[in-house]
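**Q** need coordinates for the below:
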Amino acid sequence: MSDTQRLWVSLRGARLSGLLADAADALISGCLSRARVLRATHPVAAGLLRRGVLIVWWTCTGQVHRQLPLWWRARRMRRATPPSAVVPLIETVQADRIQVPGSDEPLVSVIIPSYGRTGYTLRCLASIAAHPPTMPFEVIVVDDAFPGEETACLACVQGIRLQRNADNLGYLRACNAAAATARGAFLLFLNNDTQVMSGWADAMLALFLCRNDAGAVGSKLIYPDGRLQEAGGVIWNDGSGWNFGRLDDPNKPIYNYVREVDYCSGASLMVRRAVFERLRGFDERYAPAYFEDTDLCFRLRAIGLKTLYQPRSVVVHHEGVSHGRDLTVGIKSCQTVNRRRFVAVWANELARDCYGNGQHVLRAREKARHRRVALVVDHEVPTADRDAGSRTILSMVHALLGENMVVKFWPQNLIYKPGYVEALQDMGVEVLHGPSQVTFAAWMHEYGAELDLILVSRPEVAEGCLTTIRAHSAAHVVYYGHDLHFNRMRMQGALLQDEPLLHAADRMEERERSVWRDVDAVLYPSEEEAAAVRGIAPGTVAHAVLPYCFNRFGAERPPPAGRGIIFVAGFAHPPNEDAACWFVANVFPLVRARVPDATFSIVGSNPTARVHALTGAGLQVVADVSEEALQACYQQARVAVVPLRCGAGVKLKVVEALKEGVPLVTTVVGAQGLPGVGTVASVRDDAAGFADAVCALLRNDTLWRQCSSAQLAYARQRFNAAAYRQSLLGAIGLPP
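**A** Numbering: from 1, shown residues only. Below is the predicted model of the structure:
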């Protein structure tokens with residue numbers, strides 16, 4: 001065959017391949033389009049058609065083994081993600097039917113300045129009546145001398161204080177005048193072209209009550225069509241502003257955590273009345289309007305207070321109703337003039353604290369030019385009431401926040417956990433989760449250069465992300481192992497004579513060594529484990545760090561009347577199952593022979609079938625209790641036992657018994673990593689000795705009081721928040 005013939009055959013083959021590909025593409029596109037059309041009337045059929053077409057295509061192209069797991073994961077995350085809320089707007093309302101439940105002794109004074117546009121003002125008041133704050137409040141409506149009779153109907157609204165200005169003062173002076181007559185300890189400035197959602201004011205006040213550094217708190221503002229208008233504001237070094245997230249989906253995680261910002265819009269802004277008066281209100285150089293709210297936020301920062309964005313406070317804002325949007329006409333033209341005034345007043349601060357327009361967005365949106373940014377990576381969102389590892393990670397997050405760091409949290413499974421995600425967000429942590437979240441590699445590519453510290457937890461998590469981290473970031477990388485996994489597995493394998501588990505322990509040791517080589521520092525909860533790492537891998541920077549911290553400790557109290565014994569554990573961890581079974585089989589019968597009314601409660605998450613089978617005379621299994629219920633269990637218990645025969649690290653259940661003041665009996669394994677704990681608690685490995693110690697505490701009130709008091713003192717000294725923060729930051733070893 002000639003070269004010309006060969007070329008013709010190859011071209012013909014390519015053409016046929018192209019035609020087949022085009023035909024397949026047209027068929028698939030047609031089927032998917034049909035599925036979209038069917039979705040409105042036959043959603044089940046549409047879903048089946050779409051999935052069927054995709055599965056056939058993936059199978060034909062050899063992608064099914066990759067695509068199906070991704071599809072299943074996305075489906076699971078979609079089901080776990082909370083649904084988007086519909087904006088329930090009030091369309092029509094009559095003034096004489098609005099009744100606002102105001103108070104004569106308010107804690108919060110809501111100030112609504114208005115100039116005409118009475119229909120919007122009435123709908124705003126109706127929304128407050130529909131979603132009133134739970135605290136005592138008053139509503140002050142200011143009619144700023146609008147000519148004519150349009151505003152006369154405001155007098156028909158029940159429960160508000162209506163102030164009519166003799167002259168038109170303009171927005172800024174009208175707000176200052178109303179603030180001077182307010183009776184609440186807090187002022188909440190609210191535009192008349194807004195409608196508030198449930199919990200709007202309570203969420204703002206909650207930040208003031210839990211944070212001493214709060215100077216102003218602003219709401220999440222959304223448009224009437226549900227799109228985001230503002231999630232806090234950014235000021236660039238040229239004085240221009242950016243409503244962060246404008247026109248985006250307000251439900252994205254990036255807009256749903258508390259954070260410090262440059263400013264929040266005065267459309268919904270809360271401040272302490274005493275501080276507002278100290279600053280002499282909005283600065284009148286910005287009269288009649290614009291930049292007065294931004295200037296107030298900068299003045300608050302100058303006296304050491306922060307402006308905080310509160311996403312739980314949601315307010316619909318009909319932007320531009322009062323003054324339009326044309327910057328060259330009327331009062332709106334003041335926006336350009338006042339920006340120049342603002343820049344003249346705050347030139348030094350803008351140059352020192354703010355970034356150039358559009359630069360370093362991650363830091364700019366957090367007011368973080370002079371703060372460290374930390375990323376914490378773990379297998380999932382921490383569930384501190386369900387497992388000890390989560391409690392440790394949460395303690396670390398608290399400590400980093402206590403050092404004024406910006407903290408981001410990446411759960412490797414990206415799954416939303418109701419309640420637990422919100423707990424982190426309310427602390428000020430961005431939780432990167434959900435089906436719309438970009439991949440870890442993509443996120444690191446965009447933001448890795450902004451990070452100062454990356455804390456990675458667990459070997460399996462570290463293995464999956466360290467290469468990406470090193471490719472995109474020069475941050476200080478720290479690994480927290482929770483315990484020496486291979487050591488725990490080896491101990492359990494030897495105890496159970498399990499050869500496969502012993503081989504798995506050898507493989508785990510290699511994996512953990514590999515992680516140690518790829519990080520800047522290694523942390524473990526005890527000096528024994530840190531020393532073991534340094535011995536196994538010389539040159540590794542390994543430190544011990546306190547695993548837990550607490551803000552609350554038990555109080556001195558008399559012994560409880562009952563003879564209850566308690567064992568608290570998470571049974572997803574195999575050594576805990578072994579401990580419960582060993583105690584019931586070998587120790588509890590000895591105890592019951594001497595103290596017949598003794599009872600044993602196994603309390604914890606995920607009890608296995610083997611643990612449930614232990615239930616019997618004087619013995620109960622209590623699964624998945626809340627924090628409050630667990631504390632009640634400790635209060636009622638006479639003795640806490642931790643009968644572990646294998647394990648590693650410092651055990652939360654041991655520390656909890658110490659800090660609750662419930663006299664403890666444990667094993668050498670249970671006492672690991674706690675120097676001197678044998679002086680305040682009983683440490684026994686043999687069944688007879690363990691039973692002797694339990695019985696002594698069940699029967700001897702004097703001994704009980706001594707042990708309880710000594711344990712409380714031990715826990716308070718070692719596990720307070722200040723000691724924890726010092727331990728963690730010293731171990732991390734961040735460069736200056």
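**Q** low-confidence ranges in this protein?
**A** Within the chain, the stretches with pLDDT under 70 are 1-26, 28-29, 32-33, 35-43, 65-86, 320-333, 736.
**Q** care to break this structure down by domain?
**A** With domains defined by automatic domain parsing, the chain comprises 17-80, 96-364, 373-544, 564-719.
**Q** would you turn those domains into JSON lines with mean neighbour count and distance to Ala555?
**A** To be clear about C-beta, it is placed using only N, CA and C from the backbone, and glycine gets the same treatment. Putting the domains of the chain into JSON lines (neighbours: other C-beta atoms under 10 Å; distance: least, C-beta to C-beta, whole Å) gives the following:
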{"stretch": "domain 17-80", "mean neighbour count": "13", "distance to Ala555": "39"}
{"stretch": "domain 96-364", "mean neighbour count": "19", "distance to Ala555": "23"}
{"stretch": "domain 373-544", "mean neighbour count": "19", "distance to Ala555": "21"}
{"stretch": "domain 564-719", "mean neighbour count": "19", "distance to Ala555": "7"}
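**Q** kindly reformat those as a markdown table containing distance to Phe553.
**A** Listed next are the domains of the chain as a markdown table, based on distance: least, C-beta to C-beta, whole Å:
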| stretch | distance to Phe553 |
| --- | --- |
| domain 17-80 | 35 |
| domain 96-364 | 20 |
| domain 373-544 | 15 |
| domain 564-719 | 5 |
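**Q** tell me which of those lies nearest to Gly733.
**A** Closest approach to Gly733 among the domains of the chain (C-beta to C-beta): domain 373-544, 5.5 Å.
**Q** nearest approach to Gln726 belongs to which of the domains of the chain?
**A** Between Gln726 and the domains of the chain, the tightest spacing by C-beta to C-beta is seen for domain 373-544, at 9.1 Å.
**Q** just how off-centre is the closest one within its chain?
**A** Computed by C-alpha atoms, centre = their mean, to the nearest Å, the chain-centroid distance of domain 373-544 equals 17 Å.
**Q** and stretch 723-735, by the same measure?
**A** Its chain's C-alpha centre lies 22 Å from the corresponding centre of stretch 723-735 when counted by C-alpha atoms, centre = their mean.
**Q** just the CA coordinates of that stretch, formatted as CSV?
**A** C-alpha atoms of stretch 723-735 as CSV (Å, rounded to 0.1, in the frame of the first residue of the first chain):
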residue,chain,number,x,y,z
ALA,A,723,-2.3,25.7,80.0
TYR,A,724,-3.6,24.1,76.8
ARG,A,725,-2.9,27.1,74.6
GLN,A,726,0.6,27.4,75.9
SER,A,727,1.2,23.7,75.4
LEU,A,728,-0.1,23.7,71.8
LEU,A,729,1.6,26.9,70.6
GLY,A,730,4.9,25.8,72.1
ALA,A,731,4.7,22.4,70.4
ILE,A,732,3.7,23.8,67.0
GLY,A,733,6.7,26.0,67.0
LEU,A,734,5.5,28.6,64.5
PRO,A,735,8.3,30.7,63.1
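**Q** check which residues of that stretch are buried.
**A** By neighbour count on 16 or more other C-beta atoms under 10 Å, the buried set for stretch 723-735 is Tyr724, Arg725, Ser727, Leu728, Ala731, Ile732, Leu734.
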